[in-house]
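Visitor: Okay, here's the prediction I keep looking at, along with the sequence it came from:
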There are 6 protein chains.
Amino acid sequence: MFYTDGKLQFPVRVERPNPVFAKALQQAIGGVEGEIRVCLQYMFQAFGARGPAKYRDLLLNTATEEIGHIEMLATAVALNLEGAPLSIQEDVSADVAGGAVLNGMDMRHVLSTGLAALPSDANGVPFDASHVYASGNLAADMYSNVCAESTGRVLAVRLYNMTDDPGMKEMLSFLIARDTMHQQQWLAAIEDMGGFEKNLPIPNSFPQEKEASEFSYAYFGHMVDGSIPEGRWTSGPSMDGKGEFRPQRSEPMGGKPSLAPARPDGGAQVAQSSKSGTEGMLGQIEGAIERNI
Amino acid sequence: MFYTDGKLQFPVRVERPNPVFAKALQQAIGGVEGEIRVCLQYMFQAFGARGPAKYRDLLLNTATEEIGHIEMLATAVALNLEGAPLSIQEDVSADVAGGAVLNGMDMRHVLSTGLAALPSDANGVPFDASHVYASGNLAADMYSNVCAESTGRVLAVRLYNMTDDPGMKEMLSFLIARDTMHQQQWLAAIEDMGGFEKNLPIPNSFPQEKEASEFSYAYFGHMVDGSIPEGRWTSGPSMDGKGEFRPQRSEPMGGKPSLAPARPDGGAQVAQSSKSGTEGMLGQIEGAIERNI
Amino acid sequence: MFYTDGKLQFPVRVERPNPVFAKALQQAIGGVEGEIRVCLQYMFQAFGARGPAKYRDLLLNTATEEIGHIEMLATAVALNLEGAPLSIQEDVSADVAGGAVLNGMDMRHVLSTGLAALPSDANGVPFDASHVYASGNLAADMYSNVCAESTGRVLAVRLYNMTDDPGMKEMLSFLIARDTMHQQQWLAAIEDMGGFEKNLPIPNSFPQEKEASEFSYAYFGHMVDGSIPEGRWTSGPSMDGKGEFRPQRSEPMGGKPSLAPARPDGGAQVAQSSKSGTEGMLGQIEGAIERNI
Amino acid sequence: MFYTDGKLQFPVRVERPNPVFAKALQQAIGGVEGEIRVCLQYMFQAFGARGPAKYRDLLLNTATEEIGHIEMLATAVALNLEGAPLSIQEDVSADVAGGAVLNGMDMRHVLSTGLAALPSDANGVPFDASHVYASGNLAADMYSNVCAESTGRVLAVRLYNMTDDPGMKEMLSFLIARDTMHQQQWLAAIEDMGGFEKNLPIPNSFPQEKEASEFSYAYFGHMVDGSIPEGRWTSGPSMDGKGEFRPQRSEPMGGKPSLAPARPDGGAQVAQSSKSGTEGMLGQIEGAIERNI
Amino acid sequence: MFYTDGKLQFPVRVERPNPVFAKALQQAIGGVEGEIRVCLQYMFQAFGARGPAKYRDLLLNTATEEIGHIEMLATAVALNLEGAPLSIQEDVSADVAGGAVLNGMDMRHVLSTGLAALPSDANGVPFDASHVYASGNLAADMYSNVCAESTGRVLAVRLYNMTDDPGMKEMLSFLIARDTMHQQQWLAAIEDMGGFEKNLPIPNSFPQEKEASEFSYAYFGHMVDGSIPEGRWTSGPSMDGKGEFRPQRSEPMGGKPSLAPARPDGGAQVAQSSKSGTEGMLGQIEGAIERNI
Amino acid sequence: MFYTDGKLQFPVRVERPNPVFAKALQQAIGGVEGEIRVCLQYMFQAFGARGPAKYRDLLLNTATEEIGHIEMLATAVALNLEGAPLSIQEDVSADVAGGAVLNGMDMRHVLSTGLAALPSDANGVPFDASHVYASGNLAADMYSNVCAESTGRVLAVRLYNMTDDPGMKEMLSFLIARDTMHQQQWLAAIEDMGGFEKNLPIPNSFPQEKEASEFSYAYFGHMVDGSIPEGRWTSGPSMDGKGEFRPQRSEPMGGKPSLAPARPDGGAQVAQSSKSGTEGMLGQIEGAIERNI
């Protein structure tokens, strides 16, 4: 259960409202690198957490912080939209370059929200919750969280570099710091669980003798000339300490796949009712009867 | 540019076709944990790679392997559908339990593909390419890849445990092994770039003095009673070795946000034209004129 | 900014776990009638609220309650999945009817979450935030909220009637009661703003003399025989007290639309370069030159 | 079954084509507030209508009107695109400000349609039919329709205010009037069914004694300081006349949720196989055997 | 503008309601092969038609027929749902096989519509209007329509074969016949415009001398062994009579792509700031200054 | 299984990088007319091909070519983004017209990819794989492919006309030529299978005597005045040579649909529990009992 105090975690100040920057900020709200995603992701990871309670608490607690980040960014979008043009005439007169503001705005900031934030990305594509990775595997989820906070911090840095508004830079410097911490804490959680050695390969609950282990540490080359891009991944001990990397040219171990001809009553063309295409449908029907389908 | 030999990387064999398992396999093709995703993800990371060529080659090469995994799984789906019922009568007569097969199938395997794979997940939701994470930041991308291969291996293990078909178990043991390697190789790439210390926080190109660094290693508590979930993330050196973790109760540093009243010509209700709701629109219009909008 | 105590607003108890009901419950989490939608909707309405602060507070406060409803339902899904089959063999042996459980489950509850909730609907379609209606017009938003709580309560009632588990019925009776209140409170907010008369038509800030008012209270008939479905909407005073309903046969006031022929360099067929299709492209090109494009 | 006369319900005239306004108009075609949505919504409500035929007729008749509104708006988009630039050179030479037109256009109006409308919103996001609310509950549907016509009229007003083209203003004044009527008629239908008292809470077919009625008229406060936003919703008789509003501080009635540990064969990490994370997997496997799963 | 008579184009009769078949029918309503798609597709092609009016009329007229097909199918879904179970108990008692009906149903037919159709496909995925192909090129559109009616008829045939209900078979035999005609009529329209020779390649308005015509009739082989799949497409005159088919082994004409290193302020890792990864960021910054960015 | 040589099929050269054209090019990558679509479409058609192997080979081989087209276009996007502005200040100073570049860019090219391509269209909408048409019917698929290559070539031509960069024109002249060939080859495949006569109507495996053949060659008129748009489709032999086209006024053969009243426990309003709305719910409940549901 949740509570609010209606205040912002960190002050949100806009000195020179910029509707184009409002559009850019949308990416941090509803983009795949954004705050709705991490908020829901940590929530669903917490709600479905099985195992030690401390990881559930960790996740739920940070999820709660993230709701407040959505709030900060949505406020920032609205403040950047104060004074935005509502009409073509107004836009033209306000901007000597002719229509530059409306052109660069998310027009739905006028049409759909009346100068407020959308739960969408910088292109106006609504957030969809398929980006909420909550796999039921704690280590996989932690890497997903590291990824989310990495792309999140990359995005925040790009927004920081894009704007020249001191208020926005200040808010972003806070969000960047929080992303720093969140990267750290999810990596710390993996360490808390035993690090690479204990956790890899993920899931660590599958007996490795059941996998085709001759391929578990081989870097496959698919270059047509047989060359293989070399690096840390082609030699030396594997990251989990359980194998040795080696390069291997990939060659087909299977043959050409060959499916049964189409059933005559399956909506295909008659020509598909045999492998050669020359047999008639009658034979095929008989075959179907023989195979008892 | 790409080439094929039309053969399978690894043999795909189905002893007892099972249309319900065909549906489950779809998750590995078109699910967010699936092969279309990693294939396109590594491709777009390669196509947009800036910096040392070896990482581009690494990505492109593995992307090329992944196309073949889509091929294997699509073949497995089609083979599991051989002999699936096409009609309600057939289904009922084949299954004493009454309709169990059609009930559990992806009905579009009959209706839309004529017993072949879809580029969709186990619920029939089509893959959408927003899941292709290619951030232009190599380290963020590598963590995204680790995440993808972790959830991918979790999924493959669950499919392995779900089926009792020896052919399918064999194919999956191969894919599980490849996921093992791919987890390793993306982690190896991060090491190749200098590991935690050199790469964190991501992006490492942003001067940390510009972030609000007093919050960079603080784990914020949002529990209403002030308690904070403890762990590796609340004490000790940070993972990047640049700070010290500490717990901190989160308290609002900002006040209540307050937006300007709605413009009278912005499509809001009259009641929204002032902060108290009691002033009339006329005053608001005058205000708008004063503010020159 | 937000806080949590990690506890449930209302107890969630499942006596007889039922994975098929878990799938049904998903609709109340990630469906268009579900809790993620209302939670984000009230949040974004609050974050973008312009005008009297009390409506912002009203919205933010209830948004905060709704986060806890997601939590309750996600917990209910996970509890309904305890003991669900992970493999085809297990499923068959547990259920004399053969595969009935896996058939009716959301297979991603096994494959993607390891027996926990998804932010998706009962068909596994992920929630997408385009359903967050936050128009910047308070009255429109309130009707959107009434609609959301109406379809939400309809859904909760259907779930209540579907299950025979006492714990689930108890939880749903609570959620149904909250939906009752939420319907009431949004209607109360409209009354608070002056009811039908003051608020209709929405938006009430557009001078009605600018609309084509001869059509503002006419119910148009599009039946080919000229008949018009009668009811409260064809006679008597209008709901806003500003007009009189009347029936009117709809007849075209405009002619057939006719667009300019396609430009020769616009990727159309040559046949489209004139209205009759008989003139050659050359003439068209000349025309284009004349029209100076 | 349906018929057409190929004519427009109301004249569509564009004096000064404006490709940027064409983009804005898209919101009224394929946006969530747009005409495809209401058209399909009223159709599916009609097609699935159970109960008195007059409501079905009401819905089907207005659905038929809405098809013509899509037609009008699509025509308006195409007319606003007449003369739009097809190339970068042309754009630059036509506009002294350099590229302003192409920048602000929906580029797919050139690339994908050859200067015609898309079934998408102002950001180019295609309409998706999840926005068709047809719940099988007539009152819920009517509120959904009121909402749709309210956001629809808000949008039309914003478009009216955005343009300075007399033809477009005229067309929009007609559509605004129709939205006025449509708001009225859906509210009239609710009155026709008995108004608030007879219809609330929706659905009115669920015996209210089955809901947890102590919470049915309580406005819950989730402010961390215990304050509760007051208004018409915290005191006085409820809107349905069946209760009395009262404020109530929300407190958790449930405890912390606690799920079973992860099954060892469920793809989780070993650390998740017990609640404390210290027990080994072996014990967990035994537990699983005991619980007979 | 449009009209209705409220009647069905063809009788819709269901003798033995089958909720599982109701789910299958959804594909014909909201699937990519379904009627909403063709209806909107022909409408948008008509609304944007440039060139001779007769093609616009052709399209608009058939679009109008298709609305009625949605109506027929939605009615068929609702009739197949009459008597469907609303609760788990009811389902179990009605079906000796235990839960087979609810398992195979679209559960949203109970939860979201109260036993009526959805604008979604057989997996519950909502129709999205990106499938409305209306390119502004008449010939491309006609082939898109041929494709739509081909997959549509394939689907209708599969539904016909799936059901054993005489009423449903009768309705589908009508829809199959209409699909026959619609395939014919769109091909006839291409003939009307001059057939292959006049229309190919599409668009025929692009001067073929501007294309890299040495590759215009070459079938490229990408088999790694240099073999090329032969057929009508590797020899003989081309279908447009303007060239001669020939096989050609595909070989790279371009080199390895090489992008500039990442800008230091672009959110990448430092390691990406040079092509070799060994140069420091300082050099890169200088380079950026030199290139004046 | 697949291979690469890391080289481009055709050289990709950009003389004057143009970030706005980069956005336009996205349509050819991730748009519905784009290369990801055809690539996956031909792959899934190949992977699911039933019948003669030569068609499978044909499809797989061209699918492999298409991967390389994605690569070319993604490279072209990245090259067009070299030197794009990363900040508002930079943009303003670079462009005398003020912000024109950022306004017209896909802002995610800065924020999400660091100046590289996205798997999205020109509006930033991600590709979704529902556009992969692979029906299991070879002829339907071929028409789908003709359609894809027709809209693809229309798009490529529009891009060619839009740009003034010689490098881009050269690349596009190659892609246009390949689209020419691909249109030809899919039409050749239909001829290879016997042309119109052998293949129509699609699917040709359904006995035409089972369709309601009196409607198979009738062009239905839905004009309210009874007129019928005439053309090749209203007279003369049908395209498959199996019938004679004729015009026919469409008249309803079915009556008004009438569904059963809503079940009292189905979440509808009480008013829906009878067809007239006047009977009480009690009677309805009794009726339900009688009908034994």
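Guide: Done, it's in.
Visitor: show me where chain A has helices.
Guide: A:19-30, A:35-47, A:53-81, A:88-94, A:100-104, A:108-111, A:138-162, A:166-192, A:195-199, A:281-290 (DSSP state H).
Visitor: tell me, which of the ones you listed is the model least confident about?
Guide: Set side by side, the helices of chain A give their lowest mean pLDDT on helix A:281-290, at a mean of 43.
Visitor: Do stretch A:42-52 and chain C come into contact?
Guide: Yes - shown here: stretch A:42-52 in contact with chain C (C-beta under 8 Å from any C-beta of the partner chain) through A:M43, A:F44, A:F47, A:G48, A:R50. The C-beta positions use only the backbone N, C-alpha and C, and glycine is treated the same way.
Visitor: Please verify my assumption that the first one contacts A:A63.
Guide: This means A:M43. Yes - with contact defined as C-beta atoms under 8 Å, A:M43 reaches A:A63; the gap is 4.4 Å.
Visitor: Now render the helices of chain A as a markdown table, adding mean neighbour count and distance to E:T234.
Guide: Compiled in a markdown table, the helices of chain A are given as follows (neighbours: other C-beta atoms under 10 Å in any protein chain shown; distance: least, C-beta to C-beta, whole Å):
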| stretch | mean neighbour count | distance to E:T234 |
| --- | --- | --- |
| helix A:19-30 | 26 | 48 |
| helix A:35-47 | 26 | 49 |
| helix A:53-81 | 25 | 57 |
| helix A:88-94 | 17 | 56 |
| helix A:100-104 | 27 | 49 |
| helix A:108-111 | 26 | 50 |
| helix A:138-162 | 28 | 46 |
| helix A:166-192 | 23 | 55 |
| helix A:195-199 | 16 | 53 |
| helix A:281-290 | 14 | 28 |
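Visitor: I'd like these written out as TSV, with distance to D:N204 added.
Guide: Formatted as TSV, the helices of chain A follow (distance: least, C-beta to C-beta, whole Å):
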stretch	distance to D:N204
helix A:19-30	37
helix A:35-47	33
helix A:53-81	35
helix A:88-94	48
helix A:100-104	47
helix A:108-111	36
helix A:138-162	44
helix A:166-192	47
helix A:195-199	54
helix A:281-290	55
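Visitor: The stretch 151-293 of chain A against chain F: which residues are in contact?
Guide: Counting by C-beta under 8 Å from any C-beta, the stretch 151-293 of chain A sits next to chain F at A:154-155, A:158-159, A:161-164, A:222-225, A:250, A:252, A:256-262, A:264-277, A:281.
Visitor: quick one: which of these sit in strands?
Guide: Counting by DSSP state E, no part of those is found in strands.
Visitor: Buried ones among the residues you listed?
Guide: A:154-155, A:158-159, A:161-164, A:222-224, A:250, A:252, A:257, A:259-262, A:264-274, A:277, A:281 (16 or more other C-beta atoms under 10 Å in any protein chain shown).
Visitor: Which ones, among the residues you listed, also lie beside chain B?
Guide: Near chain B, by the rule C-beta under 8 Å from any C-beta, you find A:154, A:222-224, A:250, A:252, A:257, A:259-260, A:262, A:265-268 out of those.
Visitor: out of those, who's near chain C?
Guide: Applying C-beta under 8 Å from any C-beta to those, none is adjacent to chain C.
Visitor: with the residues you listed in mind, which one is nearest to chain D?
Guide: A:V154 (23.3 Å; C-beta to the nearest C-beta).
Visitor: Might you report the residue contacts of the closest one?
Guide: A:E33, B:S135, B:G136, B:N137, B:A140, B:I202, B:P203, E:G267, F:G114 (C-beta atoms under 8 Å, 6 or more residues apart in numbering or on different chains).
Visitor: can you rerun that using 7 Å?
Guide: By C-beta atoms under 7 Å, 6 or more residues apart in numbering or on different chains, the contact set of A:V154 is B:S135, B:N137, B:A140, B:I202, B:P203, E:G267.
Visitor: same check, this time on A:R178
Guide: For A:R178, the contacting residues are B:F215, by C-beta under 7 Å, 6+ apart.
Visitor: From A:D91, how far out is A:A84?
Guide: 9 Å (C-beta to C-beta, to the nearest Å).
Visitor: how about the residues of chain A near chain D?
Guide: Contact residues, chain A versus chain D (C-beta under 7 Å from any C-beta of the partner chain): A:1-6, A:49-53, A:86-89, A:97-100, A:102-103, A:106-108, A:110-112, A:123-125, A:136-139, A:193, A:199, A:203-205.
Visitor: Assess the claim that A:A189 and A:L59 are in contact.
Guide: No - applying C-beta atoms under 7 Å, one finds A:A189 not in contact with A:L59, separated by 8.9 Å.
Visitor: thought A:D91 was touching A:V101?
Guide: Yes - using C-beta under 7 Å, A:D91 is in contact with A:V101, at 5.3 Å.
Visitor: list residues touching both of the two?
Guide: A:P85.
Visitor: Not counting sequence-adjacent ones, nearest residue to A:L73?
Guide: A:I29 (4.9 Å; C-beta to C-beta, 6 or more residues apart in numbering or on different chains).
Visitor: Make sure A:A22 is actually in contact with A:H109.
Guide: Yes - using C-beta under 7 Å, A:A22 is in contact with A:H109, at 6.3 Å.
Visitor: what is in contact with these two at once?
Guide: Shared contacts of A:A22 and A:H109, counting by C-beta under 7 Å, 6+ apart, come down to A:L81.
Visitor: A:G226: neighbour count?
Guide: The number of residues packed near A:G226 is 11, by other C-beta atoms under 10 Å in any protein chain shown.
Visitor: Which pLDDT value belongs to it?
Guide: 95.
Visitor: And it, its phi and psi?
Guide: phi 80, psi -10 (degrees, to the nearest 10).
Visitor: Tell me the backbone dihedrals of A:V224, please.
Guide: phi -70, psi -20.
Visitor: With adjacent residues omitted, what lies nearest to it?
Guide: Of all residues not flanking A:V224 in the chain, F:Y3 sits nearest, at 4.3 Å (C-beta to C-beta, 6+ apart).
Visitor: residues from chain A in reach of chain E?
Guide: So chain A meets chain E at A:V154, A:V157, A:R158, A:N161, A:V224, A:D265, A:G267 (C-beta under 7 Å from any C-beta).
Visitor: Can you say which two of those are spatially most distant?
Guide: A:N161 and A:D265 (62.0 Å; C-beta to C-beta).
Visitor: I'd guessed A:L86 sits against D:N161; true?
Guide: Yes - in this structure A:L86 lies within contact range of D:N161 using C-beta under 7 Å: 5.8 Å.
Visitor: what touches both of these two?
Guide: B:D265.
Visitor: Give me the distance between the closest residue to A:R13 other than its chain neighbours and chain F.
Guide: Excluding the flanking residues, the one nearest A:R13 by C-beta to C-beta, 6+ apart is A:G167, at 3.2 Å. For A:G167, the distance to chain F (C-beta to the nearest C-beta, to the nearest Å) stands at 14 Å.
Visitor: For chain D, give me its nearest residue in the stretch 101-250 of chain A.
Guide: A:G124 (2.8 Å).
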